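[1] Kindly return the folded structure for what I paste below:
(one chain, ligands or ions: 2)
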Amino acid sequence: MKLKEVKLRHLKMTMKAPFATSFGSFQDKEFILLEATDDLGNSGWGESVAFEVPWYNEETFKTNWHMLEDFLIPALLNKEITHPDEVSEIFSSIRKNNMAKSTIEGAVWDLYAKRNQITLAKALGGEKKKIEVGISIGIQKSVEDLLQLIEGYVAEGYKRMKVKIKPGWDVDVMRQVREKFPDILLMADANSAYRLTDIDHLKQLDEFNLMMIEQPLASDDIVDHAKLQAEMKTPICLDESIHSLEDTRKAVELGSCKIINIKIGRVGGLTEAKKIHDYCQEQGIAVWCGGMLESGVGRAHNVALTTLPNFIMPGDTAGSKRYWEKDIITPEVVVEDGYITVPENAGIGYAPDLAVIEKYTIMEKTYQ
Ligand SMILES: O=C(O)CCC(=O)c1ccccc1C(=O)O
Ligand SMILES: [Mg+2]
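    Ligands and ions are numbered 1, 2, ... in the order given. So this is what the prediction gives:
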């Protein structure tokens with residue numbers, strides 16, 4: 001297959017409610033949608049999960065646009081590609097910029113599946129017909145607000161509650177959540193808000209029977225996480241620290257975590273995500289699929305990846321309506337009783353709605 005044309009669109013969508021983490025709050029989401037057209041006229045879709053501000057990692061949607069326009073699109077246009085795994089090889093001389101790489105690599109995977117008339121899930125080797133999902137809940141104004149939200153999400157059927165924490169919004173909050181909901185699957189995500197010197201404070205979280213604590217320490221650390229894990233009963237899950245299979249191997253060998261959150265963008269695409277999945281499966285390390293407040297296109301990729309067998313814990317891929325008044329795909333991603341039914345149409349399985357996409361588009365540019 002050959003990519004004959006690539007279109008980048010800069011979209012702006014507004015979430016129903018702000019989402020607050022230890023590093024900042026989001027409501028407007030500006031991001032890049034990529035549409036690649038092959039030699040048969042098929043369209044493959046990818047989404048950049050980089051945010052406007054480099055809080056979560058060093059990339060932004062503008063650095064992604066630059067990388068795509070100046071390096072990544074030219075490296076793929078009109079090149080014969082037999083399998084999407086070749087994309088990461090072609091990009092191997094370009095360092096990092098994983099979210100930029102993943103944007104176009106995802107579109108190539110979608111095209112590959114569409115050309116073979118199979119679902120993206122099947123192309124990846126996934127077999128689940130439905131996937132179990134949880135929900136990630138931002139920092140709230142009051143504990144009452146948080147408890148009320150959790151009550152609603154439990155009633156909707158979400159299988160696992162993830163509560164964002166930061167210094168001043170942690171042990172007491174988790175205690176109150178656990179008291180009110182003694183039996184739910186519960187976890188906390190600190191987004192790197194602590195240091196190893198906070199170890200005595202963090203150890204108090206061991207009381208609450210949490211499934212895991214996600215990324216408590218620095219976003220570039222695996223050494224201090226190993227020291228913390230040795231002292232904590234609660235499993236540590238790494239998010240920000242893991243960019244590749246190599247990072248995963250080192251973290252597992254050091255004992256830095258017992259669980260890995262796989263985000264396709266953070267690791268540079270589906271091929272690397274699958275490698276991490278396979279390695280963790282061999283090592284007995286559980287994985288689950290993280291989220292980046294995606295639109296329907298990125299969400300569809302997450303759904304497909306989660307069909308792989310070692311995604312044994314509910315992910316952060318909530319339904320479209322948790323984020324958007326109107327998502328950009330038809331149908332939207334729907335969660336019923338905590339499950340998403342994996343779509344059966346070829347490729348990502350949801351159809352990007354061009355009319356809706358146009359409404360959210362600020363700028364677009366085509367490359368041939
Ligand atoms: O609902 C989602 O998409 C996941 C939300 C989430 O937790 C998150 C959102 C933005 C940046 C980082 C994270 C994270 O997983 O750390
Ligand atoms: Mg996280």
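
[2] Excluding chain neighbours, what is closest to residue 301?
    Excluding the flanking residues, the one nearest residue 301 by C-beta to C-beta, 6 or more residues apart in numbering is residue 106, at 5.3 Å. In short, each C-beta sits where N, CA and C put it, glycine included.

[3] who touches that neighbour in this structure?
    Neighbouring residues of residue 106 by C-beta atoms under 8 Å, 6 or more residues apart in numbering: 34, 44, 45, 46, 47, 264, 269, 270, 298, 301.

[4] Double-check that the third one belongs to a helix.
    No: going by DSSP: H, G, I helix; E, B strand; the rest coil, the assignment for residue 45 is strand, not a helix.

[5] Any idea how many residues pack against whichever residue of the chain sits closest to ligand 1?
    Closest residue of the chain to ligand 1, C-beta to the nearest ligand atom: residue 291 (2.3 Å). By the criterion of other C-beta atoms under 10 Å, residue 291 has 22 neighbours.

[6] can I assume it is in contact with residue 319?
    No: contact criterion C-beta atoms under 8 Å: residue 291 and residue 319 do not qualify, at 11.4 Å.

[7] how about the residues of the stretch 251-368 of the chain near ligand 1?
    Contact residues (C-beta under 6 Å from any ligand atom) of the stretch 251-368 of the chain with ligand 1: 290, 291, 292, 293, 316, 318.

[8] Select from those residues the one having the most neighbours.
    residue 290 (25 neighbours).

[9] So which residues on the stretch 101-250 of the chain come close to ligand 1?
    Counting by C-beta under 6 Å from any ligand atom, the residues of the stretch 101-250 of the chain near ligand 1 are 136, 189, 191, 239.

[10] Residue 92: which of those residues is nearest?
    Nearest to residue 92, judged by C-beta to C-beta, of these is residue 239 at 24.0 Å.

[11] give the contact list for the closest one.
    Residue 239 touches 189, 191, 214, 215, 261, 263, 266, 290, counting by C-beta under 8 Å, 6+ apart.

[12] Derive a PyMOL selection command for the buried subset of the residues of the stretch 101-250 of the chain next to ligand 1.
    Command for PyMOL that selects the buried part of these, burial taken from 16 or more other C-beta atoms under 10 Å:
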select buried, resi 136+189+191+239
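
[13] Dump the residues of the stretch 101-250 of the chain next to ligand 1 to JSON lines, plus secondary structure, pLDDT and distance to residue 77.
    Converted to JSON lines, those look like this (DSSP: H, G, I helix; E, B strand; the rest coil; pLDDT from 0 to 100; distance: C-beta to C-beta, whole Å):
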{"residue": "136", "secondary structure": "strand", "pLDDT": "98", "distance to residue 77": "36"}
{"residue": "189", "secondary structure": "strand", "pLDDT": "98", "distance to residue 77": "38"}
{"residue": "191", "secondary structure": "coil", "pLDDT": "97", "distance to residue 77": "36"}
{"residue": "239", "secondary structure": "coil", "pLDDT": "98", "distance to residue 77": "33"}
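
[14] The residues of the stretch 101-250 of the chain next to ligand 1 also near ligand 2: which ones?
    189, 239 (C-beta under 5 Å from the ion).

[15] Include secondary structure when you put the contacts of residue 239 into JSON lines, please.
    Formatted as JSON lines, the contacts of residue 239 follow (three-state DSSP):
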{"residue": "189", "secondary structure": "strand"}
{"residue": "191", "secondary structure": "coil"}
{"residue": "214", "secondary structure": "strand"}
{"residue": "215", "secondary structure": "coil"}
{"residue": "261", "secondary structure": "strand"}
{"residue": "263", "secondary structure": "coil"}
{"residue": "266", "secondary structure": "coil"}
{"residue": "290", "secondary structure": "coil"}
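
[16] The stretch 51-200 of the chain: helices as residue ranges?
    For the stretch 51-200 of the chain, the helices defined by DSSP state H, counting those that start in this stretch occupy 61-67, 73-76, 85-90, 98-115, 120-124, 143-156, 171-180, 199-203.

[17] Which of these has the highest mean neighbour count?
    Of all the helices of the stretch 51-200 of the chain, helix 98-115 carries the top mean neighbour count, a mean of 28, counting by mean count of other C-beta atoms under 10 Å.

[18] Spatially central residue for this protein, please.
    For the chain, the residue nearest the mean C-alpha position is residue 291 (3.1 Å; C-alpha atoms, centre = their mean).

[19] who are the neighbours in contact with that residue?
    Counting by C-beta under 8 Å, 6+ apart, the residues that residue 291 touches are 136, 263, 299, 302, 315, 316, 317, 318.

[20] hmm, which two among those residues are most spread apart?
    The most widely separated members of the contacts of residue 291, counting by C-beta to C-beta, are 263 and 318 (14.6 Å).

[21] Quick one: neighbours of the closest residue to residue 175 other than its chain neighbours, just the number.
    Distances taken as C-beta to C-beta, 6+ apart put residue 208 closest to residue 175, at 6.6 Å, once the chain neighbours are dropped. When neighbours are defined as other C-beta under 10 Å, residue 208 has 18 of them.
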